[in-house]
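[1] give the three-dimensional model of this entry:
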Amino acid sequence: FHDILAGTSLETSYEDSRDQLGAARHRADVIANQAIQSIARNIDTSAEGNTIVAFNPLPWPMKVPLIAPPLTERCIGREYHIVNEQEELIPSQEIRGERIDHRRRIFMAQLPAMGYRVFHARSEERKYKFTLALNHGSNFIENMWWRIEFDQNTGQITRLYDINLKLEVLQSGHILAALVDASDTWSHEVKEYRVEAGRFRAKDIRIVEAGEVCVTLRVISNYDKSEAITEYTLYRDLDHIDCSLRVNWQQQYQTLKLGFETNITGGVATYEVPYGYQERGSNGEEEPGQQWFDLTGTIEGRTYGFAVLNDCKYGFDVRDNIMRITLLRSPAYAHHDNGRYEADACWPIMDQGWHKMKFALVPHACDWRGTRIVKRAWELNAPPVVHVESAHPGNNKLQAGLLGTESDNVLLSVIKCSEDGEDIIIR
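    A predicted model of the protein is given here:
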C-alpha cells in the first residue's frame, strides 16, 4: 500500500509489514543458502586449513573487504592467515566482533563476476608486505587517496582532501542536524526542512581499528536525549570511504538530516531513479531518490563531483553546494493535517529508538558517468556472501563465474530463467 511505502501508516500496519516482509526475506535466505550449499559441496576443499568460499551476487568483478565468519577459526585458533587458491597470502587483520571480547578477521578479496572464489585459513598469523600508506592520528585517518580530519568538539568532518589532485573536497561534512518539523506525517505543503533545532556534538573521538587492511575512526556524539555512533573507514589498497551510523533517536516533531558542505561550484544534482537517473534543481527542496545522489560541478576550475551512497534512505536535498540526506522524522503515526493533535494524549511517535544505516562517500574528478557510482551503490546494497565449507573432494573449480559484462556502462540488473523452456532472460 502506498502509505506504508511512504511512512505514513498506522503503527500496527508496520508491525504487519515487518512480519510479512520478514517471512519473505527468510524464504529468500533459505533459497540462497540452498544454492550456496549446492555449489560449495562440489568444490574441492580438501586443501590444508579451513575453507572460505566467497560468493559475488553481482554480474561484474569486484575488489572488496570481507569478514570471515567466526567458524573460520575452528581447530586453527584465533591467530591465522588467509591464502587464495594460488597459495598467495591475502592481506587481513583482526577487528572487533559482535560481542565483548570477540574478534573477527577482515581480508581483501577479488571476486569474479556473479561467481565464487575459494580462500583457505591456516594457523599462525603471517604479515603481508605493504607498499601503500595507511596513517591515522587522534582525529584523522589517511591513505594514498584521501585524508579525512574531524573536529574534536563537533565530531564533524573538517577536511576531506584529495591527495592525488591536491584539492579540498569539503568545507565541512557529516553534519548531523535536528530540524524543526511541526508538519503532519505526510508533511503537507512542506517543500523543505531548513530551521535547525540543534546539532549533534562529539562526546568521544578515537581510532578503533588500525592494521594491515583498514583504519577506522569512531565518533560518539549527542544531541539532547539522542545519541549517534559514527564510524568512518579507509583501506590501504582500496579508494573506498565507508561509513556506518547508529542513531538512538529520542526526539519528537523533529527531522534528522546528514549534511555535507562541498567546495563544488556550479553543481548539477543527480538522483538515482528506477533503471536510470534524473537531474533536478539545487534549490533545497526535498527530493526522492534511491541508492545514490550526486553533485557534479567544478572545484578550482576543474570538473569535480561528490556522491553519497546509502543502503536504506530515500529522501535528499541539495541547495547550492550543500547535500543532505533525510535520516529520520518524528511526527505522530498517521497524523493528517486535518486531525487535531492533543499534546497530553501520548500518541505514538515515529522513528524512535535505535537505527542502523551505511553510507559510502565517492569524490570523483570527472562527471559521475565516468565513475563506478552506480555499481558501487549496488555493491553496498548487495554485498558478497561469505561461507565456511567443510573439507571434502570435488570437481568444481576453485574460482568460477556464471555471467558478466566487460562494459563499464552496461548494468545487468535481472537474470532469470524463462517461464517456458530453458532460456535465460537478461535485462
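
[2] right, and the helix or strand after the worst-scoring helix or strand of the chain on mean pLDDT?
    Lowest on mean pLDDT, DSSP states H and E among the helices and strands of the chain sits helix 2-6, with a mean of 83. As assigned by DSSP states H and E, the chain's next helix or strand after helix 2-6 is helix 11-40.

[3] report all helices and strands that that following helix contacts.
    Under the contact criterion of 3 or more C-beta pairs under 8 Å, 6 or more residues apart in numbering; DSSP states H and E, helix 11-40 touches helix 2-6, strand 50-55, strand 385-389. The C-beta positions use only the backbone N, C-alpha and C, and glycine is treated the same way.

[4] how far does the first one sit from its chain's centre?
    This means helix 2-6. Distance of helix 2-6 from the chain centroid (C-alpha atoms, centre = their mean, to the nearest Å) equals 24 Å.

[5] repeat that for the second one.
    Strand 50-55 sits 23 Å away from the centroid of its parent chain (C-alpha atoms, centre = their mean).

[6] helices or strands up against that strand?
    helix 11-40, strand 103-111, strand 115-123, strand 385-389.

[7] can you list these in a markdown table and add distance to Val83 and mean pLDDT?
    A markdown table is the format used below for the helices and strands packed on strand 50-55 (distance: least, C-beta to C-beta, whole Å; pLDDT from 0 to 100):
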| stretch | distance to Val83 | mean pLDDT |
| --- | --- | --- |
| helix 11-40 | 18 | 95 |
| strand 103-111 | 10 | 96 |
| strand 115-123 | 5 | 96 |
| strand 385-389 | 15 | 96 |
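
[8] dump those into JSON lines; add distance to Gly77 and mean neighbour count as well.
    Formatted as JSON lines, the helices and strands packed on strand 50-55 follow (distance: least, C-beta to C-beta, whole Å; neighbours: other C-beta atoms under 10 Å):
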{"stretch": "helix 11-40", "distance to Gly77": "23", "mean neighbour count": "12"}
{"stretch": "strand 103-111", "distance to Gly77": "11", "mean neighbour count": "20"}
{"stretch": "strand 115-123", "distance to Gly77": "6", "mean neighbour count": "21"}
{"stretch": "strand 385-389", "distance to Gly77": "15", "mean neighbour count": "18"}
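
[9] any chance of a markdown table for those, columns distance to Arg280?
    Below are the helices and strands packed on strand 50-55 laid out as a markdown table (distance: least, C-beta to C-beta, whole Å):
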| stretch | distance to Arg280 |
| --- | --- |
| helix 11-40 | 29 |
| strand 103-111 | 35 |
| strand 115-123 | 37 |
| strand 385-389 | 35 |
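
[10] closest to Leu160 out of the ones you listed?
    With C-beta to C-beta as the criterion, Leu160 lies closest to strand 103-111 of the helices and strands packed on strand 50-55, at 23.0 Å.

[11] got the angle for that closest one vs strand 385-389?
    Relative orientation of strand 103-111 versus strand 385-389 (axes from the mean of the first three to the mean of the last three C-alpha atoms, to 10 degrees): 110 degrees.

[12] right, so of the helices and strands packed on strand 50-55, which gets closest to Asp294?
    The minimum distance between Asp294 and the helices and strands packed on strand 50-55 falls on strand 103-111, with 25.8 Å, by C-beta to C-beta.

[13] which among the helices and strands packed on helix 11-40 is found nearest to Arg324?
    Nearest of the helices and strands packed on helix 11-40 (C-beta to C-beta): helix 2-6, 19.3 Å.

[14] for the closest one, which helices and strands make contact with it?
    Using 3+ C-beta pairs under 8 Å, 6+ apart, helix 2-6 sits against helix 11-40.

[15] roughly how far is the helix it packs on from the heart of the chain?
    21 Å.

[16] that one to strand 385-389, inter-axis angle?
    Going by the same axes, to 10 degrees, helix 11-40 is angled at 50 degrees with respect to strand 385-389.

[17] list the contacts of stretch 155-171.
    Contacts to stretch 155-171, defined as C-beta atoms under 8 Å, 6 or more residues apart in numbering, come from residues 140, 142, 144-151, 172-176, 200-202, 205, 219-221, 230, 260-263, 299-300, 302, 304, 306, 321, 361, 363, 365.

[18] do stretch 97-109 as well
    If you take C-beta under 8 Å, 6+ apart as the criterion, stretch 97-109 is touched by 54, 63-68, 70, 72-73, 78, 80, 82, 90-96, 117, 119, 213-214, 235, 237-238, 384.

[19] returning to that earlier point: nearest to Leu402, of the helices and strands packed on strand 50-55?
    Here strand 115-123 is closest among the helices and strands packed on strand 50-55 (C-beta to C-beta), at 5.8 Å.

[20] CA atoms only for the closest one - export them in PDB, please.
    What follows is strand 115-123 as a C-alpha-only set of coordinates in PDB (Å, rounded to 0.1, in the frame of the first residue of the first chain):
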ATOM      1  CA  GLY A 115      30.700 -16.300  -9.200                       C
ATOM      2  CA  TYR A 116      32.800 -17.500  -6.300                       C
ATOM      3  CA  ARG A 117      36.300 -17.800  -5.200                       C
ATOM      4  CA  VAL A 118      37.900 -20.100  -2.600                       C
ATOM      5  CA  PHE A 119      40.200 -19.000   0.200                       C
ATOM      6  CA  HIS A 120      42.000 -21.000   2.900                       C
ATOM      7  CA  ALA A 121      42.500 -20.000   6.500                       C
ATOM      8  CA  ARG A 122      45.600 -21.600   8.100                       C
ATOM      9  CA  SER A 123      47.000 -21.400  11.600                       C
END
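
[21] how far does that strand sit from the chain's center?
    Averaging C-alpha positions (C-alpha atoms, centre = their mean) puts strand 115-123 24 Å from its chain's average.

[22] if you count neighbours, what's buried in whichever helix or strand comes after it?
    Following strand 115-123 in sequence order, the next helix or strand is strand 134-136 (DSSP H and E). Residues of strand 134-136 classed as buried: Leu134, His136 (neighbour count, 16 or more other C-beta atoms under 10 Å).

[23] quick one: strands adjacent to strand 134-136?
    Its sheet considered, strand 134-136 pairs with strand 140-143 (antiparallel) by DSSP bridges.
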